[in-house]
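A.B. asks: the following block contains a protein sequence and its predicted model.
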Amino acid sequence: MIKYIGSKRTLVPEIVAAVQSVPGVRTVADLFSGTSRVGHALKARGYRVLANDQLAYAHVLARCYVEADLEAVERDAKRLIEELNALPGSPGYFTETFCLRSRFFQPHNGERIDAIRAAIRRKDLAADLEAVLLVSLMEAADRVDSTTGVQMAYLKRWAPRASNALALRLPALLPRAREGPGLATCLDASDAAEGFAADVAYLDPPYNQHSYLGNYHVWETLVRWDAPEVYGTACKRVDCRERRSPFNSRREFPAAFARLLASVKAPVLVVSFSDEGFLSREEIEACLRERGEVHVIERDHRRYVGARIGIYNPRGEKVGRVGRLRNKEFLFVVVPPGTELSSL
């Protein structure tokens, strides 16, 4: 899966164990699905997963890893990936914007991305199959990028992997889950919460000022394929200035979080948070107690690579010192009073 700040890769076993500790769970709603790592892991355990994210690239990831079923798309996806891998490069908007005006990818790979993405658009495929191909392309591009893992900037010197040739692979698709077909939506989290009925809701909201749209604007443009106007050294989409989440605002976060909790239609909540968030552990616990008994799992966690190498300006000059190298990740499990959990 793609490199992602805030990825729950190392916490997935604990998240899955928290869900498994609740008796009688069949359906899990993931309201901020991101890379769909969590939804993918829950689907692999047989749960029906309802995944939501407001960003287009995250919605495509959820369509691939949660909604699409291996047995339904594998044959066509393999055939099309082989066909797309054979295409020669054809420079276009992507090459001009992300290889020449900026340096996220080397031009030979940018030209292949342009050709493959245009071909996918022309095919007018069924949504799940198209999502699988777009994820294959996104992951192939991620393997040859030249960043520290976020797209706020690119490396001053090419990363060694950037010289490799872009090659599509079949994503790690799963067969249909035992408890039923998955679903992927692209809604505001509160709207999804009101529309989803589940046994458990997993909440992993943005909890500081870092915008996922700003951090992964290249993927948003690759999926939307809308050739937006851009600004700055990183060639961000202009709508990065306008599409703001209240969860990225210290002032707006408490009310947005309260609205979300009031909207969720699930008796059990599993909530991810960090000590880098706008609310303290104690404040989060106070909010969650209104929904039931709160159990807390705390883990020490290494911060993402960008935090470990320091702060650089657009010219590649180091302008800030490395801060703390580790943070604390919290997993809150909220159950109705008297609920017995098998283990945590």
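C.D. replies: Ah, there it is. In this text the structure is predicted, and so the values were computed from the model without any measurement.
A.B. asks: ranges for the strands of the stretch 1-150 of the chain?
C.D. replies: For the stretch 1-150 of the chain, the strands defined by DSSP state E, counting those that start in this stretch cover 27-30, 48-52.
A.B. asks: can you put those in a markdown table and add mean neighbour count?
C.D. replies: C-beta coordinates here come from the backbone N, C-alpha and C atoms, glycine included. Conversion of these to a markdown table gives the following (neighbours: other C-beta atoms under 10 Å):
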| stretch | mean neighbour count |
| --- | --- |
| strand 27-30 | 28 |
| strand 48-52 | 28 |
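A.B. asks: want to throw these into CSV with distance to residue 338?
C.D. replies: Listed next are those as CSV, based on distance: least, C-beta to C-beta, whole Å:
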stretch, distance to residue 338
strand 27-30, 22
strand 48-52, 26
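A.B. asks: which one of these lies closest to residue 261?
C.D. replies: strand 27-30 (13.2 Å; C-beta to C-beta).
A.B. asks: not counting the closest one itself, show me its contacts.
C.D. replies: 19, 36, 38-39, 42, 47-52, 62, 66, 179-180, 192-193, 196-202, 204, 264, 266 (C-beta atoms under 8 Å, 6 or more residues apart in numbering).
A.B. asks: now do stretch 124-131
C.D. replies: Counting by C-beta under 8 Å, 6+ apart, 60-61, 63-64, 67-69, 72-73, 76-77, 80, 120, 123, 133, 184 sit against stretch 124-131.
A.B. asks: with residue 152 as the reference, measure out to the closest residue to residue 179 other than its chain neighbours.
C.D. replies: Nearest non-adjacent residue to residue 179, counting by C-beta to C-beta, 6 or more residues apart in numbering: residue 48, 4.1 Å away. Applying C-beta to C-beta, to the nearest Å, the value for residue 48 to residue 152 is 36 Å.
A.B. asks: what does residue 300 give?
C.D. replies: Using C-beta to C-beta, one obtains 26 Å as the distance from residue 300 to residue 152.
A.B. asks: between these two, which one's more packed in?
C.D. replies: Between residue 300 and residue 152, counting by other C-beta atoms under 10 Å, residue 152 is the more crowded of the two (20 against 8).
A.B. asks: how far does stretch 139-154 sit from its chain's centre?
C.D. replies: Stretch 139-154 has its C-alpha centroid displaced from the chain centroid by 14 Å (C-alpha atoms, centre = their mean, to the nearest Å).
A.B. asks: residues making contact with that stretch?
C.D. replies: Under C-beta under 8 Å, 6+ apart, the answer for stretch 139-154 is 1-5, 102-106, 109, 113, 155, 158-159, 161-169, 171, 214-219, 222, 233-234, 304-306, 309, 312, 314.
A.B. asks: just the buried ones from those?
C.D. replies: Among the contacts of stretch 139-154, those buried by neighbour count (16 or more other C-beta atoms under 10 Å) are 1-5, 102-106, 109, 113, 162, 166, 168, 171, 214-219, 222, 234, 304, 306, 312.
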